[in-house]
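Colleague: Sequence below, structure please.
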Amino acid sequence: MPLHGGRVPQWLGQRMARLGGIIAQAIIHHYGRDEFLRRLAHPFWFQSFGAVIGMDWHSSGITTSVIGALKRGLAPVSHELGLHVCGGRGRHSRRTPDELLLVGERTGGDAAAWVRASRLAAKVDSAAVQDGFDLYLHGFIVTDDGNWTVVQQGMNGTHRLARRYHWLSEGLRSFVEAPHAAIEGRRQGQIVNLTDHRAASSRLGQLELLGNLGPDRIVDEVARLRGTATPGSMDMPFLPHLLMPAHHDVRPADVVLRRLHGALAAAAQCGPQDFAELLLVPGVGARTVLSLAQVAEVVHGAPCRFSDPARFSLAHGGKDREPYPVPVAVYDRTISVMKAAVAAAKLGNEERLDAIRRLDRQARRLERHVTGPSLPQFIAGERHRSHAYGGRSVFGHEPPPTLGMECGG
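Modeller: Below you'll find the model as predicted:
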């Protein structure tokens, strides 16, 4: 991911925390805490989640923003959910052990084991994996049952790139052999990766060196081998990988257009009529339902649905006006709908939350045969209507269009 500077403005950061927390609650309600941990450990889903809550869809800041939004948004309900978000960027990452100890005191969990896992994950990605990226962010998300996921990120200042590392306790057999759920980043040439299964002999050899040879013998061995070693010929097996481009704008190649058309068609069919009445939220029209359709996909979508994270930036835009300014009025209605649906579901009334699930199903069904505007046409229309939607960015509020009609969301 390209390194980006700047900060998330407060007006957006507060909304990201609210929407991110509500989406997390909806996932946990439908699928449980462990499934939410699995989603966080999936880099494609993680990127899409960050985009749907309004963060720049391709930048390094999406990791910081997601961890921060979840930490703030879930803090008031962490005891109820049995899910706790610790750590963060910079000084917040260094406080992770203390935060985990506090969680252990409140829940009776094995905080010592969590702290060990946190430190080992950080040590592995800074020492055992030497890839030119220095860690600066560490998030540790743990449940009352003791299951956890780690999301941490490193920075390469020379190339101005970031690389994200995902860990999941489920199925983790070793911290030193293939422990990662995923590592996302461009190929940077040859690296030292002692966690690769092919490095087992190297790890054993290092232990033997330390146990049987003194430092002088090790230096002699290094001197003998220097200049004679040849690069290994074995390539890593191909896996689906996510590479965030340098361009900030959302381009047609970044979006699977039929999926967008499916969401647009579902919003048009389910929007201003019975859907708004069912959800009992004033002002819900087709534009808000489009955002809800993309939020619904983040809650219910299969892993293969997140191959184009840029598409989810079309739900609520971006703070830098890419792909268009944040439609604040639409964003707030999305929060209201999701909050009301989750609150009702907690009281045993699943109807509203089920309506959002049906919206996702409808979008997937329709995308097989519907057509719609091209991506540039869609983005141009959103920018033209931005003022009517309460459009806002780091550059300020969007002015009304010079020509054309405004419409509500």
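Colleague: residue ranges for the strands of the stretch 201-350 of the chain, please.
Modeller: Here the stretch 201-350 of the chain has its strands, by DSSP state E, counting those that start in this stretch, at 326-327.
Colleague: So, low pLDDT: which residues of the stretch 301-409 of the chain?
Modeller: For the stretch 301-409 of the chain, applying pLDDT under 70 flags the ranges 403-409.
Colleague: Recalculate using a threshold of 50.
Modeller: 405-408 (pLDDT under 50).
Colleague: Ok, the stretch 101-250 of the chain next?
Modeller: In the stretch 101-250 of the chain (pLDDT under 50), the answer is 229-238.
Colleague: so where do the strands sit in the stretch 51-200 of the chain?
Modeller: Using DSSP E, counting those that start in this stretch, strands in the stretch 51-200 of the chain cover 83-89, 129-130, 134-143, 148-156, 161-168, 180-184, 192-193.
Colleague: mind checking which of those strands is nearest Ala343?
Modeller: strand 83-89 (17.7 Å; C-beta to C-beta). The C-beta positions use only the backbone N, C-alpha and C, and glycine is treated the same way.
Colleague: Adjacent strands (with direction) for that closest one?
Modeller: Strand pairing for strand 83-89, using DSSP bridges, gives strand 134-143 (antiparallel).
Colleague: so which of the strands of the stretch 51-200 of the chain gets nearest Ala111?
Modeller: strand 134-143 (9.2 Å).
Colleague: got the buried residues for that closest one?
Modeller: Leu135, Leu137, His138, Gly139, Phe140, Ile141, Val142, Thr143 (16 or more other C-beta atoms under 10 Å).
Colleague: How about stretch 90-99?
Modeller: His92, Ser93, Thr96, Pro97, Glu99.
Colleague: ok, now stretch 32-40?
Modeller: Neighbour-count burial for stretch 32-40 [16+ other C-beta under 10 Å]: Arg33, Phe36, Leu37, Arg38, Arg39, Leu40.
Colleague: again with stretch 290-310
Modeller: Buried, per 16+ other C-beta under 10 Å, within stretch 290-310: 290-301, 305-306, 308-310.
Colleague: Over to that stretch now: how far is its first residue from its last?
Modeller: End-to-end distance of stretch 290-310 (C-alpha to C-alpha, to the nearest Å): 15 Å.
Colleague: same deal with stretch 31-46?
Modeller: 17 Å.
Colleague: quick revisit: nearest to Pro282, of the strands of the stretch 51-200 of the chain?
Modeller: Per C-beta to C-beta, nearest to Pro282 of the strands of the stretch 51-200 of the chain: strand 83-89, 31.7 Å.
Colleague: CA atoms only for that closest one, dumped as PDB, please.
Modeller: Output in PDB follows, covering the C-alpha atoms of strand 83-89 (Å, rounded to 0.1, in the frame of the first residue of the first chain):
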ATOM      1  CA  LEU A  83     -14.400  -8.700  22.200                       C
ATOM      2  CA  HIS A  84     -11.600  -6.300  23.100                       C
ATOM      3  CA  VAL A  85      -9.400  -4.200  20.700                       C
ATOM      4  CA  CYS A  86      -6.000  -3.400  22.000                       C
ATOM      5  CA  GLY A  87      -2.900  -1.600  20.600                       C
ATOM      6  CA  GLY A  88      -2.800   0.700  17.600                       C
ATOM      7  CA  ARG A  89      -0.100   2.900  16.100                       C
END
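Colleague: ok so, going back, mind giving me JSON lines with the buried residues of strand 134-143 and columns for distance to Gly348?
Modeller: Formatted as JSON lines, the buried residues of strand 134-143 follow (distance: C-beta to C-beta, whole Å):
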{"residue": "Leu135", "distance to Gly348": "44"}
{"residue": "Leu137", "distance to Gly348": "39"}
{"residue": "His138", "distance to Gly348": "38"}
{"residue": "Gly139", "distance to Gly348": "33"}
{"residue": "Phe140", "distance to Gly348": "33"}
{"residue": "Ile141", "distance to Gly348": "27"}
{"residue": "Val142", "distance to Gly348": "28"}
{"residue": "Thr143", "distance to Gly348": "23"}
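Colleague: Can you say which two of these are spatially most distant?
Modeller: Leu135 and Thr143 (23.8 Å).
Colleague: quick one on the thing from earlier: mind listing which of the buried residues of stretch 290-310 are in helices?
Modeller: Leu290, Ser291, Leu292, Ala293, Gln294, Val295, Ala296, Glu297, Val298, Val299, His300 (DSSP state H).
Colleague: Any idea how many residues pack against the nearest residue to Val255 once chain neighbours are set aside?
Modeller: Excluding the flanking residues, the one nearest Val255 by C-beta to C-beta, 6 or more residues apart in numbering is Arg311, at 4.6 Å. Applying other C-beta atoms under 10 Å, we find 26 other residues in the vicinity of Arg311.
Colleague: May I ask you to confirm that Phe306 is in contact with Gly50?
Modeller: No. Phe306 is beyond contact range of Gly50, at 11.2 Å (criterion: C-beta atoms under 8 Å).
Colleague: which helix is the longest one in the chain?
Modeller: helix 10-31.
Colleague: how far out from the middle of the chain is that one?
Modeller: Relative to the chain's own centre, helix 10-31 is displaced by 12 Å; criterion: C-alpha atoms, centre = their mean, to the nearest Å.
Colleague: start to end distance for stretch 103-113?
Modeller: End to end - C-alpha to C-alpha - stretch 103-113 spans 12 Å.
Colleague: which residues are in contact with that stretch?
Modeller: His79, Gly82, His84, Cys86, Leu100, Leu101, Trp114, Val142, Asp144, Gly146 (C-beta atoms under 8 Å, 6 or more residues apart in numbering).
Colleague: Nearest spatial neighbour of the second one, chain-adjacent residues omitted?
Modeller: Right, the one you point to is Gly82. Per C-beta to C-beta, 6+ apart, closest to Gly82 is Asp144, 3.7 Å.
Colleague: before we move on, what about Arg365?
Modeller: Nearest to Arg365 is Gly262, by C-beta to C-beta, 6+ apart, at 7.6 Å.
Colleague: separation between the residue minimising distance to the centre of the chain and Gly139?
Modeller: What sits nearest the mean C-alpha location of the chain, by C-alpha atoms, centre = their mean, is Phe46, with 2.3 Å. Distance, Phe46 to Gly139, by C-beta to C-beta, to the nearest Å: 11 Å.
Colleague: Ok, Ser374 next?
Modeller: Counting by C-beta to C-beta, the gap from Ser374 to Gly139 is 37 Å.
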